[in-house]
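**Student:** Quick one, what's the 3D model for this:
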Amino acid sequence: MKQDQHAMGIPVAAQNQSVVTGEFSTGLCDCFSDCSLCCLTCWCPCITFGRIAEIVDRGSSSCGVSGALYALLMGLTGCQWIYSCTYRSKLKAQLGMPENSCGDCCTHFWCEACSLCQEYRELQHRGYDLALGWQGNAEKQNQGMMAPSMPGGMTR
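**Tutor:** All right, here's what the predicted structure looks like:
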């Protein structure tokens, strides 16, 4: 089982936890439980979204590209919430949460910042460090699985 999880790219912290399906581990309005995340998302939601997208896409899209597309949609159309809503659905599917497309779209439309914060916190709760990105999380996971180094040679 652990080898299958390692191949899927599940972080060590998430491997050690039992997989809990159902709802998010934090509430939608728990934004102020992490004030720095709340401020980042209010002032620069493209960064929060980009970090989420990179993890959800398992590294196939970068934080920068996803965040730039989000910012472009926000600046030109104001409909960035549609784009971010699709990632909420992907995240819920990956975590085995029940889908609620209409509810998810309404959540992103009416409270985009709260939605992004909730998704970010959920990924953190599952063992990801979103600031490291997908590659950084993979490297962190591999370091945790390496044997400790031993000093070379005999010393007295």
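**Student:** give me the number of residues near residue 29?
**Tutor:** Close neighbours of residue 29, defined as other C-beta atoms under 10 Å, add up to 11. For the C-beta atoms, the positions are set from N, CA and C on the backbone; glycine is no exception.
**Student:** What of residue 123?
**Tutor:** In terms of burial, residue 123 registers 20 neighbours under the definition other C-beta under 10 Å.
**Student:** I figured it was touching residue 55, is that so?
**Tutor:** Yes. Residue 123 is in contact with residue 55 according to C-beta atoms under 8 Å; the separation is 5.5 Å.
**Student:** Which neighbours do these two have in common?
**Tutor:** With contacts defined as C-beta atoms under 8 Å, 6 or more residues apart in numbering, the residues shared by residue 123 and residue 55 are residue 130.
**Student:** For residue 123, give its distance to residue 77.
**Tutor:** Applying C-beta to C-beta, to the nearest Å, the value for residue 123 to residue 77 is 26 Å.
**Student:** got it, and residue 108?
**Tutor:** 14 Å.
**Student:** just residue 93 next, same as before
**Tutor:** When C-beta to C-beta is applied, the distance between residue 93 and residue 77 equals 26 Å.
**Student:** again, but for residue 122
**Tutor:** Counting by C-beta to C-beta, the gap between residue 122 and residue 77 amounts to 27 Å.
**Student:** Look at the two and report which has more neighbours.
**Tutor:** Taking neighbours as other C-beta under 10 Å, residue 122 and residue 77 compare with residue 122 leading, 20 against 10.
**Student:** Find the nearest non-adjacent residue to residue 125, please.
**Tutor:** Closest residue to residue 125 in three dimensions, ignoring its sequence neighbours and counting by C-beta to C-beta, 6 or more residues apart in numbering: residue 25, at 4.6 Å.
**Student:** Just give the number of residues close to residue 57.
**Tutor:** Using other C-beta under 10 Å, residue 57 is surrounded by 16 other residues.
**Student:** So it versus residue 86, what's the distance?
**Tutor:** As defined by C-beta to C-beta, residue 57 lies at a distance of 11 Å from residue 86.
**Student:** Show me the shaky parts of the protein.
**Tutor:** When residues are selected by pLDDT under 70, those of the chain lie in 1-21, 144-156.
**Student:** at 50 instead, please
**Tutor:** Low-confidence segments of the chain (pLDDT under 50): 1-8, 10, 12-19, 147-150, 153-154.
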